[in-house]
Structures are given as C-alpha cells and as structure tokens.
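Chemist: Give me coordinates for this.
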Amino acid sequence: MNGNGYPLRLGPCGGRRASRIAFLVGAGLALALRAAAGPPFLTDDPEPVPYRHWEAYLFTTVDSFLGGATGQFPALEFNYGAAPDLQVHVAVPWAFNRPSDGASAAGFGDASFGFKFRFLQETEDRPQVGVFPMVFLATGAAGRGLGGGGSVIQLPVWAQESWGPWTTYGGGGYAINRTLGGRSYPFGGWLLQRDLGEKVTLGGEVFTQGRSGDASPGTTVLNAGGQANLTPHCSLLFSLGHSVSGARHRIAYLGLYWTWGPRGAAVQSALRADEKLP
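Modeler: Numbering: from 1, shown residues only. Sure thing, here's the model as predicted:
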C-alpha cells in the first residue's frame, strides 16, 4: 500500500519477500493493536493496576488491510501492581500473517515489556496523568512476517478524567522504530466511554499515527467497543474499527480479562484514588 492507499504490487516473488512486505504494510497499526493499548482500545489510560494486584488477558487481534491481514491468536498479557501507582507489563503473542500474495505463516510474535507510572492523581480540578513506556522486542521471525525484525520503543503520556458514569482519556507520544524498513512516528488518541449499569461499559475512540515505514503510511481510525462484566473479576472485551483517512485498515479485538489480588491492597488503592471497587 502506498501513501494514497493503493495496493503495493508484490510481483512474482511471493514467499518470504511477499510475507515481509505484507507485514511491513500493516505493522504500524499492528503494533498499536498489541498490548500497548488499553484493551480493547488503541488509546490507553494512565490508571495502573492496584498495588499487589494482577491483571491477565487472553485475547486475539486482527488488522486487515489491502496487502493482507496480520494479528495475534492467541496472545497473553499480564500486568502487576508492583508499587502504589506503578504497574509492570509483559505480553507474549502467537502471531499470524496472511498476505494477499504469498505464503501464510504463524508462530511466536514480538513480545512487549513496559511499566505504567501515574504521577498525578485525579482531583476535582485536574485529571490523573501517567506515562507508559514500552518496548517491543524482535522475538518474532521477520522473514516469515511474524515480527518487525527490530525493536520499537513507545513513549506516551496519558490523561484521564471521570464524572458520574462517564470516563474520558487519551494522549499520545512518539515511537522510536527500529524495525526493517521502519521509521519513527508520532501517535495519539482520545476515547469517551459510559457505564451502562454495573455490567456493561461502551465507548468510542479516534486514534491516529504517523507514517511508520517506507511501506506503512499513516492512518486515522475510528473504533468502538466495550466490556461486559461476567463476574466481579472476569470480563469480556471487544472492539471493531475502520480507518477514516490514510492507509486502509479494519481492526478487531476480542478477549477475556481476569483480575485478582489481596482485597486489603485494593481497598487502600481505591481510597487513595477515590475509585469504586467492583
């Protein structure tokens, strides 16, 4: 796909070269679809996991574009509240790459590691604010289109404010891109969501990022989704989105979320952040 959204001519080469080109075409938004985002959305929030609590996600993502499709099925993400206002993060995906011209592949993808730190608490006069630096490591086979062949370091700042059943959050940052054929790029997004009682939350976002590589034009996506709370500690997460400018993408996320930890720590965190417990 070139900068006008037309398909790349992959030519007769096929095989590994076609797989790699197809991956690079979709890799920019595919990175955002990985656990760098606030599931099930591309935009993240500054709120860390409560101290001594765990979060686990079992999920799948799909990014369909004119050169084919990439995604993860399945993928695992773990977050842990290592200290008050600080969470550590790791995600390990089983990736797939299905170019429109070339051989499909599946295997271990690029793993991610990072930490989220909230340095401003939300008050009546200001939102809560935090940072979430993250690195994607070149653990996937780039020759099969399952990884970028280099690291990506994302450096975002996120802010959030809530009132009644409404919550809004967003921000952005810069990605230092060392993947094959990649270039560093800005990204950002904003989301608005509403609790519909205690069981369902729905929201929508706009997310944009710059050109992430020679074969990866920038794009802007509208995305809608939410969560259904199956139990106080388990939820179903889902979202669907489509590009509205730049490179053409259709994206989807579906996952299960679990949280657990000592209740005493949750109470202390809730009182500190003036949050409601499940």
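
Chemist: so which helix or strand takes in Gly225?
Modeler: strand 219-231 (DSSP states H and E).

Chemist: So what's the gap between that strand and the chain middle?
Modeler: 11 Å (CA atoms, centre = their mean, to the nearest Å).

Chemist: what's downstream of it, the next helix or strand?
Modeler: Trace forward from strand 219-231 with DSSP H and E and the next one is strand 234-246.

Chemist: Sheet-wise, list the partners of that next one with their directions.
Modeler: strand 219-231 (antiparallel), strand 250-260 (antiparallel) (DSSP bridges).

Chemist: before we move on, the earlier item: could you list the buried residues of the strand holding Gly225?
Modeler: If you call a residue buried by 16 or more other CB atoms under 10 Å, then strand 219-231 has these buried ones: Thr219, Val221, Asn223, Ala224, Gly225, Gly226, Gln227, Asn229. For the C-beta atoms, the positions are set from N, CA and C on the backbone; glycine is no exception.

Chemist: out of those, who's nearest Ala83?
Modeler: The closest of these to Ala83 turns out to be Gln227 (CB to CB; 26.1 Å).

Chemist: and the closest one, what does it touch?
Modeler: Pro40, Val200, Thr201, Ser235, Leu236, Leu237, Phe238, Tyr257 (CB atoms under 8 Å, 6 or more residues apart in numbering).

Chemist: So which elements touch the strand ranked longest in the chain?
Modeler: In the chain, taking DSSP state E as the definition, the longest strand is strand 68-83. Applying 3 or more CB pairs under 8 Å, 6 or more residues apart in numbering; DSSP states H and E, we find strand 68-83 packed against helix 15-33, strand 54-65, strand 86-99.

Chemist: That strand versus strand 250-260: what angle between them?
Modeler: 30 degrees (axes from the mean of the first three to the mean of the last three CA atoms, to 10 degrees).

Chemist: tilt between strand 68-83 and strand 54-65?
Modeler: Put simply, strand 68-83 runs at 160 degrees to strand 54-65, going by the same axes, to 10 degrees.

Chemist: Quick check: buried residues in strand 68-83?
Modeler: Gly68, Ala69, Thr70, Gly71, Gln72, Ala75, Leu76, Glu77, Asn79, Tyr80, Gly81.

Chemist: Leaving out the residues flanking it, which one is nearest to Ala106?
Modeler: Phe96 (4.4 Å; CB to CB, 6 or more residues apart in numbering).

Chemist: ok, the one you found - contacts?
Modeler: Ala69, Thr70, Gly71, Gln72, Phe73, Ser104, Ala105, Ala106, Leu146.

Chemist: Nearest to Leu137 among these?
Modeler: Leu146 (12.9 Å).

Chemist: Ala215 versus that closest one, what's the distance?
Modeler: Going from Leu146 to Ala215 by CB to CB, to the nearest Å gives 17 Å.

Chemist: ok, now Asp195?
Modeler: 41 Å.

Chemist: These two - which one has more neighbours?
Modeler: Between Asp195 and Ala215, Ala215 has the larger neighbour count (other CB atoms under 10 Å), namely 24 against 19.

Chemist: pLDDT wise, what is the more buried one at?
Modeler: We have a pLDDT of 74 for Ala215.

Chemist: for Gly210, same thing?
Modeler: 93.

Chemist: Over to the one 10 residues further on?
Modeler: The predicted structure scores Thr220 at 95 on the pLDDT scale.

Chemist: residue contacts, it?
Modeler: Val206, Phe207, Thr208, Ser243, Val244, Ser245, Gly246.

Chemist: Buried ones among those residues?
Modeler: Buried among the contacts of Thr220 (16+ other CB under 10 Å): Val206, Phe207, Thr208, Ser243, Gly246.

Chemist: nearest to Val88, of the residues you listed?
Modeler: Out of the buried ones among the contacts of Thr220, the member with the shortest distance to Val88 (by CB to CB) is Phe207, at 24.3 Å.
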